[in-house]
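A.B. asks: Sequence plus predicted model, see below.
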Amino acid sequence: MMMRVPDAFAAVLAAARDFGTESVPFDAVAGRVLRERVTADRAFPPFDRVTMDGIAIHFDSYQRGQRIFGLEDLAAAGMPQLQLANFADCIEVMTGAVLPEGTDSVVPYEHLEITEHEGFRRFNILKPVAAGQNIHRLGSDVPSGATLLEPGIVIGAAEAGVLATVGKTEVTVSRRPRVMLIATGNELVPVADTPEPHQIRMSNIFSLRAALQQAGIEAEYLHLPDDTAHLREALGTLIAKTDVLVCTGAVSAGRFDHLPDVLLSLGAKKVFHAVQQRPGKPLLFCTFNNGPAVFGLPGNPVSGFMCCYRYVLPFLKTCMRQLPSPQEFAVLEEDVVFDKPLEYYLPVRLSMSPTGVLSARPVPYHGSGDLASLLHADAFLALPAEQDTFPKGSSLAVWRFR
């Protein structure tokens, strides 16, 4: 009996297990899933910071009518804090400098007339000054001890900068799973070979491998023939060495589709085999006690591709304790009719209107063997099994792969 898509997806995520953590250097964490809370070791900014090149003054002097200030000193970024000795004077300051003690406002060069007489510089203020202007106050961004990064986020450029700022030289992240991709089929030949008329080059596992790489996961791959003994021997060895097995092909009802029986003979527990969806109806999902989860993806390229983004990647991200992204929705650009009692994953090209509406335009598509159609698409639009007509303007869930 076929399982409904929501039930199949829930069963996959329920089987997710934690692969553990590891500590890596802060400069090698891009794309990794953070597994610790990161806090500010001091305030952001850690001092009253000058934000414009110019002069720092004591505002009360300006408020009492003084407009011309003599120069006492120069404060540049990276220097210890200076002190203004005479409130009738100023200190020249550069962007990023510590605001000198005794000053409380910064006047930019553009608002000054600068004169020099016998080696002494004087600054004449030409435009109005507001108290406290052009100063980035101590702790105004983040107080000391505040949480900056939560576990479960994917570390990107902004997060890497924050890690460096707080001196986090070693970072706890999720361990990447050990994934093995297995292509089955006597018709498959290596990519570098010239296939005979009855053969095709292996392609599915390289699409899947690229999808995993984009998610920060490296995977090994293997080609196995449609032979029960070969499958049992290879899979029996891999069970002890991997966290996740992703197989393509050999899961339908053909005479050479041995994978389900072989997995069961090795002790796998079948969670489901067949989902109420197109493409990807014969999807198989199994688990082993103290062993890997196994995805048996259909051999048709679009079927396996869709199942990877709909099931495999969400499973792996859940295992790595990555926080889920909000479900996206797109507006259908044309009427679509699909009269089968299956959830239909329609390849679409996405675009954003000037008003911020995400829309989906179906691309020419000739079925689950049409790998080339994905070159013109960005995502799959999920058309629920409960309907058969989907009018233009319908808002539907979208699963991106680009």
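C.D. replies: Thanks, I have the structure now.
A.B. asks: So residue 7, which state does it fall into?
C.D. replies: helix (DSSP: H, G, I helix; E, B strand; the rest coil).
A.B. asks: how close does it sit to residue 85?
C.D. replies: For residue 7, the distance to residue 85 equals 76 Å [Cβ to Cβ, to the nearest Å]. In short, each C-beta sits where N, CA and C put it, glycine included.
A.B. asks: same deal with residue 223?
C.D. replies: Taking Cβ to Cβ, one finds residue 223 at 80 Å from residue 85.
A.B. asks: shaky segments in the chain?
C.D. replies: For the chain, the stretches with pLDDT under 70 are 200, 254, 256.
A.B. asks: Could you chop it up by domain?
C.D. replies: 5-20+176-319, 22-44+140-174, 49-136, 328-400 (automatic domain parsing).
A.B. asks: Buried residues, the helix or strand hosting residue 231. List them.
C.D. replies: For residue 231, the host element (DSSP states H and E) is helix 228-238. Neighbour counts over helix 228-238 (16 or more other Cβ atoms under 10 Å) mark 231-232, 234-235, 238 as buried.
A.B. asks: Tell me how far the closest residue to residue 77 other than its chain neighbours lies from residue 385.
C.D. replies: Once flanking residues are discounted, residue 77 sits nearest to residue 96: 3.3 Å by Cβ to Cβ, 6 or more residues apart in numbering. Going from residue 96 to residue 385 by Cβ to Cβ gives 60 Å.
A.B. asks: hmm, back to that, and which of the buried residues of helix 228-238 is nearest residue 57?
C.D. replies: Of all those, residue 57 sits closest to residue 238, with 72.5 Å by Cβ to Cβ.
A.B. asks: Now do the contacts for that closest one.
C.D. replies: Applying Cβ atoms under 8 Å, 6 or more residues apart in numbering to residue 238 gives the contacts 180, 182, 222, 245, 292.
A.B. asks: if I look at it, how far off is residue 362?
C.D. replies: For residue 238 relative to residue 362 (Cβ to Cβ), the value is 39 Å.
A.B. asks: can you tell me how far residue 396 sits from residue 224?
C.D. replies: The gap separating residue 396 from residue 224 is 37 Å, by Cβ to Cβ.
A.B. asks: ok, those two, which is more surrounded?
C.D. replies: residue 224 (22 against 19; other Cβ atoms under 10 Å).
A.B. asks: hang on, the more buried one packs against residue 233?
C.D. replies: No: between residue 224 and residue 233 there is no contact, the gap being 9.3 Å when judged by Cβ atoms under 8 Å.
A.B. asks: who's the residue nearest the centre of the chain bridged to?
C.D. replies: Central residue of the chain (Cα atoms, centre = their mean): residue 154, 5.4 Å from the mean position. Legend: beta-bridge partners of residue 154 under DSSP bridges are residue 33.
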